[in-house]
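> got a predicted structure plus its sequence, pasted below:
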Amino acid sequence: MKRRMGKILLAVLATLLLIGCFGCTREDESLKEMVSFLSQERNTLQEKLDKTEEKLNSANRDLDAAKAEAETSREELQKLKNAPAPTPKVVTDTKTEIKEVVTKVQTEYACGVDCTVNGGMFAKLDGETKVQCVPNEIEGFVFDHWEVDGVTQDSTAKKLELTLANTAVIRAVFHERRTVKCINCHIQLLNDRGNAHGKEYIEFDFEEDYKNPVTNKTEKGGLINFYIFADIPRKQEVDYWLINGVKYQFPKDIQKFRVLELNEATVYEVVFKGQAKKTPAPGNTPSPTRYYNVTCHACNYKYNGQSYTSGKVPAGTKITISGTSDSSEAYFDGTPSSVNRHFTSPTSSSSGKCVFTYTYTVNSDTDVTFRGVVN
């Protein structure tokens, strides 16, 4: 009995021991899981703490900068408070004040183009000043009308009188003298029936009113009616006509034609086949002599020994451009840019004035303006 009870007791103890060992194993695993969880929580809290500390440091730096800026502003404010008040400026002499501000005074001029102003190319204005303008004499051209600052004037008189206070440009406008000129041809004026009659002319001037020798009537200047005939030598044949340098190829049987109400200077020329040179190779056709316009403002140019302010010259012609000024420095400006010049000293002098002169080759329409430097 005792032996049997002992065996039972041993079995119970073994069972209790096994139960205890199993419980310890499960408790260890739960503990490990708790330690791992707490470790993760600690790391998360540490990261949050680091971020919060960084934000706090940044806020402290911004606060320090704001304090420094406030201190600087306080110092500048104190300086302004301590500075003496400015003394108000009292103007006692307006003219003197203006002279101190204005260093240069614009001088007013009346400038003539193709005309003289009070006997010269320009006149200095002193307040309201009376000026008298007279057109230049230009060979082959006739005075037409006046322009002031580009505006056509009602007066067509050859003397223009103005009262000016501000700078102005007065221009005398010309047209080429109205004539008919014939080369290898001639004209005859018309009778009342419109037929050619009377004297043959190779040149006829119709600028002013003229008497028609056929009808004995006075015709108004600036207009003309006539027949023009080719003068064809024996064994010659008309090749073409040139009218003001433009080539016209008429049918062979047209050796005359009528012109009505011509109102401009015109040159007619008949070219014969016997006169013509052999046809040159393509691309080498010679060009007829070309003329270019030259216009000078407040200056003039010399061509063939004569002085002009405007006109036409053949291409490649050398002209001498001149301007006169009270100043020792001057500019010539215009188009094309090759006509521009700047003189720091005059090339000569005349009647106490500085003269500026240079040579220029004309290869295009040229427009040049002269101006002295006003100090």
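Structure's in. What do you need?
> quick one: low-confidence ranges for this structure?
For the chain, the stretches with pLDDT under 70 are 1-32, 35, 73, 77, 79-106, 275-289, 374-375.
> was I right about residue 271 contacting residue 232?
No. Counting by Cβ atoms under 8 Å, residue 232 is not a contact partner of residue 271; they are 11.4 Å apart. Bear in mind the C-beta positions are built from the backbone N, C-alpha and C, glycine included.
> and for those two, which residues touch both?
Common contacts of residue 271 and residue 232 (Cβ atoms under 8 Å, 6 or more residues apart in numbering): residue 238.
> going along the chain, name the helices of the stretch 51-200 of the chain.
In the stretch 51-200 of the chain, the helices defined using DSSP state H, counting those that start in this stretch lie at 94-101.
> quick check, residue 240 in a strand?
Yes. The assignment for residue 240 (DSSP: H, G, I helix; E, B strand; the rest coil) places it in a strand.
> how does the protein divide into domains?
Per automatic domain parsing, the domain ranges recorded for the chain read 108-176, 179-272, 291-372.
> the ones you listed: which one's closest to residue 72?
When these are compared by Cβ to Cβ, domain 291-372 sits nearest residue 72, at 54.4 Å.
> ok now the closest one, how far from the chain's centre?
21 Å (Cα atoms, centre = their mean, to the nearest Å).
> start and end of it, how far apart?
The first residue of domain 291-372 is 30 Å away from its last residue (Cα to Cα, to the nearest Å).
> oh, and call the first residue 12 from now on, that's how I've got it
Will do, 12 is the new start, and the previous item becomes domain 302-383.
> residues contacting residue 367?
Contacts for residue 367 were tallied using Cβ under 8 Å, 6+ apart; they are 333-336, 341, 343, 352, 354, 357-358, 381.
> rerun that using 6 Å as the cut-off
334, 341, 354, 357-358 (Cβ atoms under 6 Å, 6 or more residues apart in numbering).
> quick one on the thing from earlier: so for residue 49, which of the domains of the chain sits nearest?
Closest approach to residue 49 among the domains of the chain is made by domain 302-383 (92.1 Å; Cβ to Cβ).
> hang on, the earlier thing: got JSON lines for the contacts of residue 367, with secondary structure, neighbour count and distance to residue 301 too?
As requested, the contacts of residue 367 are exported to JSON lines (DSSP: H, G, I helix; E, B strand; the rest coil; neighbours: other Cβ atoms under 10 Å; distance: Cβ to Cβ, whole Å):
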{"residue": "334", "secondary structure": "strand", "neighbour count": "27", "distance to residue 301": "27"}
{"residue": "341", "secondary structure": "strand", "neighbour count": "23", "distance to residue 301": "31"}
{"residue": "354", "secondary structure": "strand", "neighbour count": "21", "distance to residue 301": "30"}
{"residue": "357", "secondary structure": "coil", "neighbour count": "20", "distance to residue 301": "34"}
{"residue": "358", "secondary structure": "coil", "neighbour count": "12", "distance to residue 301": "30"}
